[in-house]
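Visitor: coordinates for the following, if possible.
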Amino acid sequence: MSPVEVLAQTTAAGPVRVTSPAPREVWWRLAEEDGATLVTQTPSWLDSICATGPFVDASRLYVFGGGRRLVVPLVRRRGLPGRLTVEEAWPSGWGIGGPLASPGAPDEEEALLVFRDLARRPALRVGVRFGPDADPVWASAAPPDFAAETLTTHVLDLSGGFDTVWEQRFHGRARREARKAERSSVEVEVDREGRLVAEFYGLYETSMLRWARQQHEPRALARLRRSRAFPRRYLEAVADRFGASCAIYLARVGGEPAAGVVVVSYGDRAKNWRGAMDRDLAHPVHANSLLQRLAIEDACTEGRTAYVMGDSRPESSLAFFKEGFGAEGRPSLRYRRERLPLTEADRLMRATAKRLLRFRDA
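Guide: Numbering: from 1, shown residues only. Have a look, this model is predicted:
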């Protein structure tokens with residue numbers, strides 16, 4: 001049974017009880033009640049993280065005196081003393097893991113209490129990533145000892161159905177590219193059983209080499225860095241846990257894998273999680289545009305209201321590609337409280353390595 005703690009701090013409505021790890025039945029109920037829940041905020045996503053890395057469940061359920069319940073998804077790096085570990089949602093590469101609350105968003109007093117409770121955690125670093133639909137109360141309540149970082153997440157509004165999205169939100173170039181791909185020799189297979197994991201990951205390894213050339217990075221280093229950031233077991237774990245809700249779209253040209261995307265869905269949201277391609281095969285026939293068109297159409301058919309295309313640097317080529325389908329860049333915030341400057345030290349080490357390698361960000 002998860003331990004229950006009564007916080008010394010209370011709200012005007014009374015005492016606050018915290019349970020960690022958060023009971024799964026309550027967490028799933030909040031996920032169902034919050035219409036903006038992303039697949040990355042579910043217990044199954046946390047299970048995938050813990051199954052593939054050195055992490056354990058550190059989620060926290062807050063029950064406020066007025067009846068509101070709030071879950072903060074968190075994992076803790078295992079095998080380290082409390083003061084030497086990190087607690088975050090989520091580790092690099094796993095996306096958004098912001099709080100879920102019901103009924104409704106917390107008020108500022110409740111949000112501040114959550115931040116203060118996280119600040120008291122003994123870990124070297126506590127981090128929480130909020131999605132683009134997070135209530136503004138979190139930004140207004142964040143205390144100064146939490147460093148804020150703003151990222152840009154591209155989201156496509158699917159309201160009105162696919163005909164509306166195609167005609168009113170897709171840019172002309174995206175429609176032209178998708179039509180060209182349909183008239184070409186591209187063949188697309190959609191897998192919801194995990195059969196295409198190996199072929200998709202082969203494309204990802206091909207992409208690693210292309211990124212290495214673009215960035216002036218040694219191939220061996222690129223393979224090591226990228227395979228650590230997204231090893232095959234991550235995809236296998238997600239495909240296994242989400243079943244039919246994890247779709248791998250694979251385009252072939254002349255029978256050879258040319259491009260692929262992985263879309264994981266929950267509730268009202270579909271998430272374009274990963275993409276990869278063999279540029280020499282995919283680019284001339286616009287295979288990626290066709291895959292996105294098909295994935296977006298499927299999301300509409302399934303009744304999703306938003307298609308989350310992930311983070312991109314504003315005005316980058318990746319952002320330009322996503323905006324071709326009508327996706328809009330929205331701010332999403334990451335907050336960190338660190339007892340030692342871990343993030344800055346990591347940034348300096350990466351910057352030094354890039355200078356030595358004459359690395360160029362793609």
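Visitor: all contacts plus neighbour counts: C-alpha atoms, from now on.
Guide: OK.
Visitor: is A89 in contact with V71, as I believe?
Guide: No - assessed by Cα atoms under 8 Å, A89 is found out of contact with V71, at 11.6 Å.
Visitor: where does pLDDT dip in the stretch 1-150 of the chain?
Guide: 1, 8 (pLDDT under 70).
Visitor: over to the stretch 151-300 of the chain?
Guide: Regions of the stretch 151-300 of the chain meeting the criterion pLDDT under 70 cover residues 211-227.
Visitor: all strands for it, in order.
Guide: For the stretch 151-300 of the chain, strands defined by DSSP state E, counting those that start in this stretch occupy the ranges 186-191, 246-253, 256-266, 269-277.
Visitor: to A22, which of those strands lies closest?
Guide: Evaluated over those, closeness to A22 peaks at strand 256-266, with 19.6 Å, by Cα to Cα.
Visitor: which other residues reach the closest one?
Guide: If you take Cα atoms under 8 Å, 6 or more residues apart in numbering as the criterion, strand 256-266 is touched by 37-39, 199-200, 203, 242, 245-252, 270-279, 281-282, 287-288, 291-292, 295.
Visitor: what about 7 Å?
Guide: If you take Cα atoms under 7 Å, 6 or more residues apart in numbering as the criterion, strand 256-266 is touched by 38-39, 200, 203, 245-252, 270-278, 281-282, 287-288.
Visitor: mind listing what's buried along that strand?
Guide: By neighbour count on 16 or more other Cα atoms under 10 Å, the buried set for strand 256-266 is P257, A258, A259, G260, V261, V262, V263, V264, S265, Y266.
Visitor: same check, this time on stretch 167-181
Guide: By 16+ other Cα under 10 Å, the buried positions in stretch 167-181 come out as R169, F170, A174, R175, E177, A178, R179, K180, A181.
Visitor: and the gap between E315 and K322?
Guide: Between E315 and K322 the computed distance is 11 Å (Cα to Cα, to the nearest Å).
Visitor: typo on my end, P122
Guide: With Cα to Cα as the criterion, P122 and K322 are 40 Å apart.
Visitor: for the helix or strand harbouring A31, packing partners?
Guide: For A31, the element it lies in under DSSP states H and E is helix 24-33. With contacts defined as 3 or more Cα pairs under 7 Å, 6 or more residues apart in numbering; DSSP states H and E, helix 24-33 has these neighbours: strand 100-102.
Visitor: hmm, who's touching the strand it packs on?
Guide: By Cα under 7 Å, 6+ apart, strand 100-102 touches L30, A31, E33, D34, R68, R69, L70, V71, V72.
Visitor: give me the sheet partners of that strand and which way each runs.
Guide: strand 69-72 (antiparallel) (DSSP bridges).
Visitor: could you tell me which strands the very next helix or strand once past the strand it pairs with is paired with, and in which direction each runs?
Guide: Once strand 69-72 ends, the next helix or strand along the chain (criterion: DSSP H and E) is strand 75-77. For strand 75-77, the paired strands and their directions (DSSP bridges) are strand 55-57 (antiparallel), strand 86-89 (antiparallel).
Visitor: okay, those strands, which one's buried deepest?
Guide: strand 86-89 (a mean of 25; mean count of other Cα atoms under 10 Å).
Visitor: so how far is that one from its chain's centroid?
Guide: 15 Å (Cα atoms, centre = their mean, to the nearest Å).
Visitor: circling back: neighbour-wise, which of P122 and K322 wins?
Guide: K322 (22 against 16; other Cα atoms under 10 Å).
Visitor: so that one is in which element?
Guide: Here K322 is assigned to helix 317-323, by DSSP H and E.
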